[in-house]
Structures are given as C-alpha cells and as structure tokens.
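# Structure for this input, please:
(chains A, B and C)
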Amino acid sequence: MKQLHETLSINAQGRRLYDITPQVLQWVQQSGIQSGLLTLYIQHTSASLLINENYDRDVLVDMEAFFNRLVPDGDELFIHTVEGPDDMPAHVRTALTQTSLSIPVLQGRVALGQWQGIFLFEHRHLPARRRVLMHVMGE
Amino acid sequence: MKQLHETLSINAQGRRLYDITPQVLQWVQQSGIQSGLLTLYIQHTSASLLINENYDRDVLVDMEAFFNRLVPDGDELFIHTVEGPDDMPAHVRTALTQTSLSIPVLQGRVALGQWQGIFLFEHRHLPARRRVLMHVMGE
Amino acid sequence: MKQLHETLSINAQGRRLYDITPQVLQWVQQSGIQSGLLTLYIQHTSASLLINENYDRDVLVDMEAFFNRLVPDGDELFIHTVEGPDDMPAHVRTALTQTSLSIPVLQGRVALGQWQGIFLFEHRHLPARRRVLMHVMGE
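A predicted model of the protein is given here:
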C-alpha cells in the first residue's frame, strides 16, 4: 500500500465551473496506483468541488444560473460585506456544494461514471489562484 | 492493510430515497475488515447519496417535498431541457447533496449513528439502473 | 501504513456553528502521522460538518441566517413535526451540508487552507451531545 500527494493549481478567471478532469486523471495514471482511493480537497471557502455532467455545456450554464438565483449577490440578509457583494454568497455556495471528494480507483482508472466530470466551482467574480490537493492511496 | 472494491446495483423506480443500508453493512461485514474506512461513490449526476434519518418514513417524504419545492421540475430558468423537465433539476439536486461518502469502520461495523441510514437519492422520474461503488480499506 | 480512530464529543448549546478545528488538529498532531488522509464523520442527522471561513465571525452569523431563511422552522410543507418545528429543518440542513469530510495530512499537518476552519453545524435549538468520529490513515 502506497500513497502520493500533489497540488493542482488553477487560475480561475471569474465565477463559473472549470473542468479539471483531465489533470486529475493524468496525475492518477502517472501515480501507477492500480487499485485504491483518490481524494480531492480544495483549500478555499469561496470556491468548491463538484461532480457534474460533462457532456452538454448548457448544464454548466444552468447550474450557475440556479446558484445565482438561490444565493444572490448583494443579498441584504448579509452583514459580511467588507470583501464585496459576491463574497458571502461565495461562502454559502461553497457550503452547499463540496470541499472534498473521494473516488475509487479501479484497474488504474479513476472510476468516474460515463457522464461525470470533476469541476472546480469558482464563486468569486475576480480572478483567483485556486489550490486543489490530490491524494491517492492504494497499490 | 488491505482493501476491497464492490459495485452495488440499484434498480431505482422513480424519484425517491432508497435505503441501501442493509446491502452496504452486509458487504463490509463480509469483507472481514475490522478497522478502517468505507467510501461510497455514486457514478451518476442525476442521483446522489445521503445519510438521513432511518426511523420515521415521514422524514423521507418531507425531504423529497423540500427538494421538489427548492428545485422545481420544468423551471423556466433552465435551458438544458432536451432530456426532460426533471433532468436539469436532477443535476442540481445531485449538486446539493452528495456524490461520495466516507464512513469509519470500527470493531467490524460501519460506524453509523443510531438514527442514520444510507440512502440513494434518485432524482429522475423514470426507472434507472444506478451504480454505487463501495471501497473499504483497513485491517 | 497505520491508522487511528478517535471520537470527539461536543456539547452543543443550540443552533449555531462550533469551531472544532483546534481539537482536530491536536489529535492529528498527537497521532504522529506525517503523511496521509484524515476523515471526519458526524453520527447525526440533525447536525453536520462544514469547512468555512475561520476569520470574520460575521461569516458564521450570515451562514446561519441564510440557512434559517432557506429552511424555515415550522414550515407548513413538513408532516414530520412530532419532534418539534426545528427537527425536519435540521434534517434538511444536514442534507444540504456535509456528514463526512476528508482532508489530506501533509508534513504532519492537516492541510487546511489559510482561511479554513472545521465546524460542527448544530441545527437543533436545544442542547445536544454530538459525536464526531475522527480517522487518520497514513505513515
């Protein structure tokens, strides 16, 4: 049983979903792990992780639209406004989605379903450098 | 330290919560792992995983009712409608709940709390065959 | 590769976010694990786990306010009311946040981001004793 760590850096250019599937799959393949468990962890509270459909780009547009309506920028409910009208909504959107994801590795492959992709969900409007930790354990 | 993988297939018969606790507990017991970590991973983007109360069936009814109201079918917000009025809501409901779950295994038992059950949350109305990957690592 | 389990008990005094970061970090440090994976698992369906900003306390107030508005106590939608007007909302709030979290351990440290804290999110108004299982695996 062995393990490896790596950090994935993503230069997010504003609020939207970023497909990070290729980078994750490539790293796991290079690790040589044939059977085990992959964990992804994002080190932020205004960006999150999401497994989502990877086929029709309209799904990404709609996902974004839903969260924009559910957690509107500049909501008068919020008192934490010092970092901008999209900051507290970003924390809420992060809370409603995922900070960590665990995915089995089988026969040397990350066992995503046919229509699944791994996305970084950036919730701030300004560009931000985001860090996703990757950890794989197995043999 | 050893590990095992298995796939659980569930024939979901429309939108609702399906209790998969017995199958999961049985598999872990058969694995012989006394101490370790169980991970569940669902290979879909319109069905998800949820730890929920396993006692009063009304909780399942209310959970369903809440999500139906929060993410209504046929919402005019959505442009991804080609797969039906419940498809994009299914993706959103999946994003709001879980794709992976990790639960410690202690003394040969999955360490669920007294009132916790493990549920597959089917978000589509039509029947669908769903795959949940199970992975346990320990000794 | 070794592993350890521990149970963290928290005496929650009503609905709010409780910072459990110090207890978690201390336990992992004492474990001697330098590299591996930490998993946290809460054994309840009316309290949950959340990675959230640990700096400005207003963020916690706003997070609480958002969930109070999204899932109001005493909502007439709910039929499971026998355990009080805040019980079914507590189950929904749990479903919308996390029951398990996985965080890599690097150089003997839980790899939280700079502004991240680990919180128990209590959703009931009455005091409750909550159990969070901690599991670390690594070397």
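# make it CA atoms for all contacts and neighbour counts henceforth
Fine.
# wait, what's in contact with the closest residue to chain C within chain A?
In chain A, the residue that lies nearest chain C is A:Gln43 (4.2 Å; C-alpha to the nearest C-alpha). Residues in contact with A:Gln43 (C-alpha atoms under 8 Å, 6 or more residues apart in numbering or on different chains) are A:99, A:130-133, C:111-114, C:116.
# And A:Ile103, by the same measure?
Residues counted as contacts of A:Ile103 (C-alpha under 8 Å, 6+ apart) are A:37-39, A:110-112, B:39, B:41, B:100.
# And those, which of them are buried?
Among these, those that count as buried by neighbour count (16 or more other C-alpha atoms under 10 Å in any protein chain shown) are A:37-39, A:110-112, B:39, B:41, B:100.
# Pick the one among the contacts of A:Gln43 closest to B:Leu49.
Here the nearest of the contacts of A:Gln43 to B:Leu49, counting by C-alpha to C-alpha, is A:Thr99; it sits at 15.8 Å.
# if I look at that closest one, how far off is C:Gly117?
Using C-alpha to C-alpha, to the nearest Å, A:Thr99 is found at 12 Å from C:Gly117.
# cool, and A:Phe78?
For A:Phe78, the distance to C:Gly117 (C-alpha to C-alpha) stands at 20 Å.
# nearest residue to A:Met63 other than its sequence neighbours?
Taking C-alpha to C-alpha, 6 or more residues apart in numbering or on different chains as the measure, A:Met63 lies nearest to B:Val92, with 6.4 Å between them; neighbours along the chain are not counted.
# Please name the residues that touch that neighbour.
A:63, A:66, B:71.
# Recalculate using a threshold of 10 Å.
A:52, A:59, A:62-64, A:66-67, B:45-46, B:67, B:70-71, B:123 (C-alpha atoms under 10 Å, 6 or more residues apart in numbering or on different chains).
# which SS state does it fall under?
With DSSP: H, G, I helix; E, B strand; the rest coil as the basis, B:Val92 sits in helix.
# distance from the centroid: which residue in chain A tops it?
Here the centre of chain A is the reference, and by C-alpha atoms, centre = their mean the most remote residue is A:Glu76, at 27.6 Å.
# so what's it scoring on pLDDT?
Note for A:Glu76: predicted pLDDT of 97.
# do A:Ala47 as well
On the pLDDT scale, A:Ala47 is placed at 98.
# That one pairs with what?
A:Glu122 (DSSP bridges).
# Now do the contacts for it.
With contact taken as C-alpha under 10 Å, 6+ apart, A:Ala47 is in contact with A:12, A:15-17, A:90-91, A:93-95, A:97-99, A:120-124, A:128, A:130-131.
# for A:Thr97, same thing?
By C-alpha under 10 Å, 6+ apart, the contact list for A:Thr97 reads A:47-51, A:121, B:94-98, C:96-98.
# Kindly report the same for A:Leu112.
A:21, A:25, A:51, A:103-106, A:118, B:41-44, B:133.
# Which one of those sits in the busiest neighbourhood?
For those, the largest neighbour count, defined by other C-alpha atoms under 10 Å in any protein chain shown, is 28 neighbours, found at A:Ile51.
# quick one: which helix or strand includes that residue?
strand A:47-53 (DSSP states H and E).
# returning to what we had before: take the buried ones among the contacts of A:Ile103 and keep only those in strands.
If you go by DSSP state E, those have A:37-39, A:110, B:39, B:41, B:100 in strands.
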